[in-house]
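In: compute the structure for the input listed below.
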Amino acid sequence: MASKARSPNTSKSTARSVLVVAAHPDDEVLGCGGAIARLADEGAAVHVIFIADGVGARGTARPDAKVLKLRRKAAQKACAILGAASVIFGDLPDNRLDTVALLDVIKQVENRLGAVKPDLVLTHHAGDLNIDHRKIHDAVVTACRPQKSQSVRTLLFFEVPSSTEWQVPGAGQPFEPNWFIDISTTLDRKLAALEAYGMEMRAWPHPRSVEAVTHLARWRGATVGADAAEAFVLGRTIA
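Out: Numbers count the residues shown, from 1 in each chain. A predicted model of the protein is given here:
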């Protein structure tokens with residue numbers, strides 16, 4: 001389990017298996033790319049699952065096959081840069097997860113939990129503006145309910161630039177991080193992974209620009225005495 005100490009320490013994670021549940025390809029890098037790289041470096045098997053196709057909301061009734069292929073190829077490249085052990089692609093409708101029965105989303109998460117038996121799960125925050133992010137959050141929390149047979153010991157919620165900070169006060173839970181992962185040694189790989197998603201990135205001062213992502217990592221690091229960090233909200237941890 002990654003340290004939540006306020007100083008940049010070098011202690012290794014005790015997580016053996018990690019599952020990142022993301023709505024769309026690029027959410028994993030934006031939200032926890034540095035953590036994925038660090039955890040992989042420390043010996044954890046980090047598995048990534050994308051629930052929605054990520055491109056189907058772009059003006060067509062069905063996702064364009066060519067665009068979908070390019071997005072998935074970018075995801076595979078990005079996750080390889082970060083050191084992920086596996087990548088799984090779902091095909092639920094992009095930005096329309098509110099039209100899908102929550103149980104269907106939960107089943108996808110539960111199937112992956114059963115396959116990789118993670119100690120640590122990272123996923124979206126409940127207060128994000130993006131509807132898919134919120135539905136994934138609800139599904140993961142349900143799938144990770146603490147039963148005796150549950151492998152998950154720690155549940156963390158990440159922030160995604162251009163979604164988490166765009167929510168307005170009173171419309172969703174505020175993102176108030178209480179868990180930080182030092183990514184001082186892996187920020188460069190997070191940024192390299194973002195380059196694979198060039199089609200999704202924007203120019204400064206958009207929050208989904210390389211400059212903004214870098215500034216956020218530096219600021220999150222500065223708040224806990226590290227050169228760079230990623231911030232999370234702790235959902236639950238079992239010691």
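In: please, which helix or strand holds the residue positioned nearest the centre of the chain?
Out: Central residue of the chain (Cα atoms, centre = their mean): Glu28, 3.7 Å from the mean position. Here Glu28 sits within helix 27-41, counting by DSSP states H and E.
In: same check on Val87?
Out: In the assignment (DSSP H and E), Val87 maps to strand 86-92.
In: who are the neighbours of that strand, in terms of helices and strands?
Out: strand 45-52, helix 65-82, helix 102-116 (3 or more Cβ pairs under 8 Å, 6 or more residues apart in numbering; DSSP states H and E). All C-beta atoms are positioned from the backbone trio N, CA, C, and that covers glycine.
In: show the pLDDT at the residue nearest to the centre of the chain.
Out: Confidence at Glu28, expressed as pLDDT, is 98.
In: so who does the residue nearest to it when sequence neighbours are not counted touch?
Out: Excluding the flanking residues, the one nearest Glu28 by Cβ to Cβ, 6 or more residues apart in numbering is Ala22, at 4.4 Å. With contacts defined as Cβ atoms under 8 Å, 6 or more residues apart in numbering, the neighbours of Ala22 are 28, 31, 48-51, 123-124, 136.
In: quick one on the thing from earlier: report the buried residues of the strand holding Val87.
Out: Judged by neighbour count using 16 or more other Cβ atoms under 10 Å, the buried positions of strand 86-92 are 87-90, 92.
In: if you average the pLDDT over it, what comes out?
Out: pLDDT averaged over strand 86-92 gives 96.
In: would you check that Leu234 makes contact with Arg153?
Out: No - counting by Cβ atoms under 8 Å, Leu234 stays clear of Arg153, with 11.8 Å between them.
In: and the two? which has more neighbours close in?
Out: Arg153 (18 against 13; other Cβ atoms under 10 Å).
In: from Ile238, how far off is the more buried one?
Out: 5 Å (Cβ to Cβ, to the nearest Å).
In: likewise Pro169?
Out: Pro169 is 32 Å from Ile238, by Cβ to Cβ.
In: now Leu30
Out: 28 Å.
In: is it true that Phe158 touches Val121?
Out: No - with contacts counted by Cβ under 8 Å, Phe158 stays clear of Val121, the gap being 10.9 Å.
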